[in-house]
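**Student:** make a model of this:
(2 chains)
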Amino acid sequence: MIRFTVNGKKVEVDAVPSTPLLWVLREDLQLTGTKYGCGMALCGACTVHLEGQAVRSCVTPVSRAEGKQVETIEGLSSDWTHPLQRAWIEIDVPQCGYCQSGQIMSAAILLAQNPAPTDTDIDEAMSGNICRCGTYPRIRRAIHRAAELRAERGTK
Amino acid sequence: MEMKRRDFLKTGAALGGGLLIGLYIPELGRGASAAAAGSGTFELNAFVRIGTDETVTIIANHSEMGQGVYTSLPMLLNEELEADWSKIRVESAPVAAVYNHTQFGMQMTGGSTSMNSEWDRFREVGAVARTMLVAAAAQAWQVDAQSCRVERGVVIHDASKRRASFGSLAEAASKLEAPKNAPLKDPKNFTLVGKPARRLDTPSKTNGTAQFGLDVHIPGMMTALVARPPVFGGKVESFNADKAIAVPGVVNVVQVPTGVAVIAKGYWPAKLGREKLEIKWDEGPNATLSTEGMRAQYTELGKKPGIIARKVGDPDAALAGAAKTITAEFEVPYLAHASMEPLNCVVDLREDRAEIWTGTQFQTGDRAAAAAVAGLKPEQVQIHTTLLGGGFGRRANPASDFVKEAMQVAKAAKVPVKVMWTREDDTRGGWYRPMWRDRMVAGLDVAGNPVSWTHTIVGQSIFEGTMFEGFGIKNGVDGASVEGAADLLYGIPNLRVDLHSPKIGVPVQWWRSVGHSHTGFAVEEFFDEVATAGGKDPYELRRALLASQPRLRAVLDLAAQGANWGKSLPEGIGRGIATHFSFESYVAQVAEVSVGKDGMVRVHRVVCAVDCGRTINPDIVKAQMEGGIIFGLTAALKTEITLGKGRVQQRNFHDYPMLRMFESPEIEVHIVPSTEPPTGVGEPGVPPVAAAVANAIFAATGKRVRRLPIKAEDLRTA
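**Tutor:** Okay, the predicted model is just below:
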């Protein structure tokens, strides 16, 4: 049994320790918001937070999560109140939407570490996430917008 | 506006209450009459349901793959219905003839035609629903329906100050006869169409609740990965599954026509199990295929006359009399679609029926193919179309490859199964955009104007051998091979386009913008060479030769103005222009590009102008142009599928790389206002961009680019 916390909830799974966290989230815990895209940490679709750091869950053995905090897209907020979700909706970022969980989870770490990122900061933080539909210009705008929303919320 | 009664109306009560508006097709005869008589199948043909809880459910017969149909179809319907936009929900349609594409006669999403297909039908259904709801209110209030109006889902009778919501009227409306006439709005009174309504699917795509095929889970379901031959057309000679079966979580190994399937309790054991399979392959006749060999073959073919696709005047005589002649050869590689969601399909096969869950663009074909494998009738098979994590044509497979195979696995394994493709499977699975070679010759008169233009195209036919062959191939010419070339819009008096369609054992199919993905590049790059050879400005020469093409010329002008064509640029940056007509839409793009000493190409900005007829949702049009440009840039700068010893040499995003955020240019989109019928937006943004970039590289460096993807080693100066 491997025990860890997902989105604030304690979970216990019967999995081979080397199984990537991605498949435990998707198949054992039915948290399908985290996506499979490449299996080699090349596309970022599987990005989740492990102890507040962005990790590619497709290459992270579940054993690494033992006793730790994992956050997935489902934990960001279910009612669209997170500044990134608000900005994503305001700017209508997604097209097919498949990569967007990973994009948002990467952007969340960026904003946590850098509340007012420049375009260059965004390029650096987000270039590990592929979007085949080509929503990059909107992701960039939405991250700037989320930074504003976050600042507004912070001052209230 | 009159209603076009191409379909027959069906109205009545929805299961669980409320009003349902559906259609049936009269030629279906008895089946349809039985449905109309009020059996349960009535529900199958709904286009909209108005619930007593005010929910308006629109049934979408086109698949959502990012292009925005789950927003734009409701916009068409609700333009007439005028329900409260926040009450609208979207469901994917089941498979039924009534949901067929109005032009293709099959249920499918492709060719950038969804809006054009549904422009009338969805508005008509909305108008009928509204007319019935108003009639129900008028009857209850004993007033003339003409004296009532509708505002955001509420019928209002101003004189008596009475109001009733759609939900409260739905039950009564469902008991009324369908109206004989439900007039459509005059387009000048549109309140929704033409406005940038928010996408209805965005919220679910920001909190993990959007359901893609890969997210489907059904009780008792196993996961399967299929080991497929290393060479296209190969077969299993023999295999040993002992080590695979020994992997914990693997429950079965079965042979299927495409290879060997490992059935397991999840993806990871299936993957580990597949790695342990020992398979001896019969590689078949394609084991010697190589890109080098094909290049040599295509180059030779290009020197010979092909089947004429179009001929105007006497290009040979005009060439012989030309003051100047230029020749260029272009090459583009096989390309994989590389949707972010790899292919997958869930099948639950029972004795007398089957259910399929998948993100497909081609329900009619997939259902027929799956039914044939299962030994069922098509109507015994139902497809639940999920959201598609990208399609780009791959999920409208003419052989229904991924659905048919999933049914084969389910049949052999005798369990409900989700067949998944890894990224490597997806990259190596074939059904590529064909490799193309374009040989072009132009003759210029003394004034520098082109008087002869010949274009010889070499590449595999997409339509050959498919159910679309009769539609796609005329007089030996596959229309998809020559589109964007044979219909050249420039006023050149002598023209010939001819085609060679070699048979190669690599499966090919449509890839976002299809034939235009090579002709847009070859034609528009070569046009720049013609302009340079004749001492002309590439924009001005295009303008001059588009005198009889006002719509294409208008987008050209708009893009040129937006990009300050002719004005100076910072040192080292070049500007290139290209334009292309595809999917009935007109697009022009200007790219601003610099090239490093190491040969690395940096695209700084792309200005795009589009005329796609009447705009349904301008923000979605912009998004599609942005996405099309980035998709086209990946093809221009990054990707190629090559073959050696019959094997695909790429496998994942490290060797089949996508454009990333730091490489993504600033994009500016201008839309030409229009009252013409709506035309394509999903694909037309792709074709011009590679040429615009190549032309900009020439402006910046003096070097011509005639092969994609553009390689740094060809442009390196230090």
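**Student:** show me what contacts the residue of chain A found nearest chain B?
**Tutor:** Nearest residue of chain A to chain B (CB to the nearest CB) works out as A:Gly33 at 2.0 Å. Using the backbone N, CA and C atoms, a C-beta is placed for each residue, glycine as well. For A:Gly33, the contact set (CB atoms under 8 Å, 6 or more residues apart in numbering or on different chains) comprises A:72-74, A:101, B:207-209.
**Student:** can you select the buried ones from those in ChimeraX?
**Tutor:** Buried residues among the contacts of A:Gly33 (16 or more other CB atoms under 10 Å in any protein chain shown), as a ChimeraX selection:
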select /A:72,73,74,101 /B:207,208
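**Student:** out of the contacts of A:Gly33, which sit inside strands?
**Tutor:** Judged by DSSP state E, strands contain none of the contacts of A:Gly33.
**Student:** now render the contacts of A:Gly33 as TSV, adding pLDDT and distance to B:Ala159.
**Tutor:** Below are the contacts of A:Gly33 laid out as TSV (pLDDT from 0 to 100; distance: CB to CB, whole Å):
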residue	pLDDT	distance to B:Ala159
A:Thr72	98	56
A:Ile73	98	52
A:Glu74	97	52
A:Ser101	98	53
B:Asn207	97	46
B:Gly208	97	50
B:Thr209	97	45
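**Student:** nearest to B:Lys87 among the contacts of A:Gly33?
**Tutor:** B:Thr209 (18.7 Å; CB to CB).
**Student:** quickly run through the sheet partners of the helix or strand where B:Thr223 lies, with directions.
**Tutor:** Assigned by DSSP states H and E, B:Thr223 belongs to strand B:222-227. Neighbouring strands of strand B:222-227 in its sheet, by DSSP bridges, are strand B:259-264 (antiparallel), strand B:417-420 (parallel).
**Student:** and the strands in chain A?
**Tutor:** Using DSSP E, strands in chain A cover A:2-6, A:9-13, A:47-50, A:53-56, A:69-71.
**Student:** for those strands, which one sits closest to B:Thr385?
**Tutor:** strand A:47-50 (27.3 Å).
**Student:** wait, does that closest one contact chain B?
**Tutor:** No - for strand A:47-50, no contact with chain B is found by CB under 8 Å from any CB of the partner chain; the gap never falls below 10.7 Å.
**Student:** hang on, the earlier thing: list of residues touching the strand holding B:Thr223?
**Tutor:** In contact with strand B:222-227 (CB under 8 Å, 6+ apart) are residues A:27, B:251-252, B:256, B:258-267, B:270-271, B:273-274, B:277, B:279, B:405, B:409, B:413, B:415-422, B:425.
**Student:** can you tell me which of the residues you listed are buried?
**Tutor:** A:27, B:251-252, B:256, B:258-264, B:266-267, B:270-271, B:273-274, B:277, B:279, B:405, B:409, B:413, B:415-422, B:425.
**Student:** domain parsing of the chain, as residue ranges.
**Tutor:** Assuming you mean chain A. A:2-76, A:83-155 (automatic domain parsing).
**Student:** my question was about chain B
**Tutor:** Split by automatic domain parsing, chain B gives B:8-195, B:213-284+B:343-420, B:291-334+B:432-715.
**Student:** make a markdown table from these and add distance to A:Ala142 and mean pLDDT to it.
**Tutor:** Formatted as a markdown table, these follow (distance: least, CB to CB, whole Å; pLDDT from 0 to 100):
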| stretch | distance to A:Ala142 | mean pLDDT |
| --- | --- | --- |
| domain B:8-195 | 16 | 88 |
| domain B:213-284+B:343-420 | 20 | 98 |
| domain B:291-334+B:432-715 | 12 | 98 |
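**Student:** out of those domains, which is closest to A:Asp119?
**Tutor:** Of these, nearest to A:Asp119 by CB to CB is domain B:291-334+B:432-715, at 9.5 Å.
**Student:** now do that closest one: distance from first to last residue.
**Tutor:** Using CA to CA, to the nearest Å, the end-to-end distance of domain B:291-334+B:432-715 comes to 22 Å.
**Student:** same check, this time on stretch B:72-88
**Tutor:** Its first and final residues considered, stretch B:72-88 spans 12 Å by CA to CA.
**Student:** list the buried residues in it.
**Tutor:** Quick answer for stretch B:72-88 (16+ other CB under 10 Å): B:72-85, B:87-88.
**Student:** again with stretch B:584-598
**Tutor:** Here stretch B:584-598 shows B:584-595 as buried, counting by 16+ other CB under 10 Å.
**Student:** pull the distance from that stretch to the chain's centre.
**Tutor:** 22 Å (CA atoms, centre = their mean, to the nearest Å).
**Student:** hang on, the earlier thing: closest to A:Cys46 out of the domains of chain B?
**Tutor:** Comparing the domains of chain B by CB to CB, domain B:213-284+B:343-420 comes nearest, at 11.8 Å.
**Student:** can you list the residues of the stretch 551-700 of chain B near chain A?
**Tutor:** So the stretch 551-700 of chain B meets chain A at B:619, B:623, B:626-631, B:652-654, B:658-662, B:664, B:666-667 (CB under 8 Å from any CB).
**Student:** possible to save the contacts of A:Gly33 as JSON lines with distance to B:Tyr490?
**Tutor:** What follows is the contacts of A:Gly33, written out as JSON lines (distance: CB to CB, whole Å):
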{"residue": "A:Thr72", "distance to B:Tyr490": "53"}
{"residue": "A:Ile73", "distance to B:Tyr490": "49"}
{"residue": "A:Glu74", "distance to B:Tyr490": "54"}
{"residue": "A:Ser101", "distance to B:Tyr490": "46"}
{"residue": "B:Asn207", "distance to B:Tyr490": "49"}
{"residue": "B:Gly208", "distance to B:Tyr490": "49"}
{"residue": "B:Thr209", "distance to B:Tyr490": "49"}
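**Student:** separation between B:Lys195 and chain A?
**Tutor:** For B:Lys195, the distance to chain A (CB to the nearest CB, to the nearest Å) stands at 13 Å.
**Student:** same question for B:Asp316.
**Tutor:** 43 Å.
**Student:** need the contact list for that residue.
**Tutor:** B:Asp316 touches B:452, B:496, counting by CB under 8 Å, 6+ apart.
**Student:** sticking with it, tell me its helix or strand.
**Tutor:** helix B:315-320.
**Student:** pull out the buried positions in that helix.
**Tutor:** If you call a residue buried by 16+ other CB under 10 Å, then helix B:315-320 has these buried ones: B:315, B:318-319.
**Student:** the stretch 351-500 of chain B against chain A: which residues are in contact?
**Tutor:** Taking CB under 8 Å from any CB as the contact definition, the stretch 351-500 of chain B meets chain A at B:387-392, B:422-423.
**Student:** list the contacts of the residue nearest to B:Leu200 when sequence neighbours are not counted.
**Tutor:** Excluding its sequence neighbours, the residue lying closest to B:Leu200 (CB to CB, 6 or more residues apart in numbering or on different chains) is B:Thr71, at 5.0 Å. For B:Thr71, the contact set (CB under 8 Å, 6+ apart) comprises B:197-201, B:617, B:620.
**Student:** same deal with A:Ala65?
**Tutor:** A:2, A:4, A:21, A:50.
**Student:** A:Leu22 versus the first one, what's the distance?
**Tutor:** In this structure, A:Ile2 and A:Leu22 are 14 Å apart, going by CB to CB, to the nearest Å.
**Student:** count the residues that sit near the closest residue to A:Pro17 other than its chain neighbours.
**Tutor:** What sits nearest to A:Pro17 in space, not counting adjacent residues and going by CB to CB, 6+ apart, is A:Ser63, at 3.7 Å. Number of residues near A:Ser63 (other CB atoms under 10 Å in any protein chain shown) recorded here: 14.
**Student:** the closest residue to B:Lys276 other than its chain neighbours: which element?
**Tutor:** Among residues not flanking B:Lys276 along the chain, B:Lys243 sits closest, at 3.9 Å (CB to CB, 6+ apart). B:Lys243 is part of helix B:242-245 when elements are defined by DSSP H and E.
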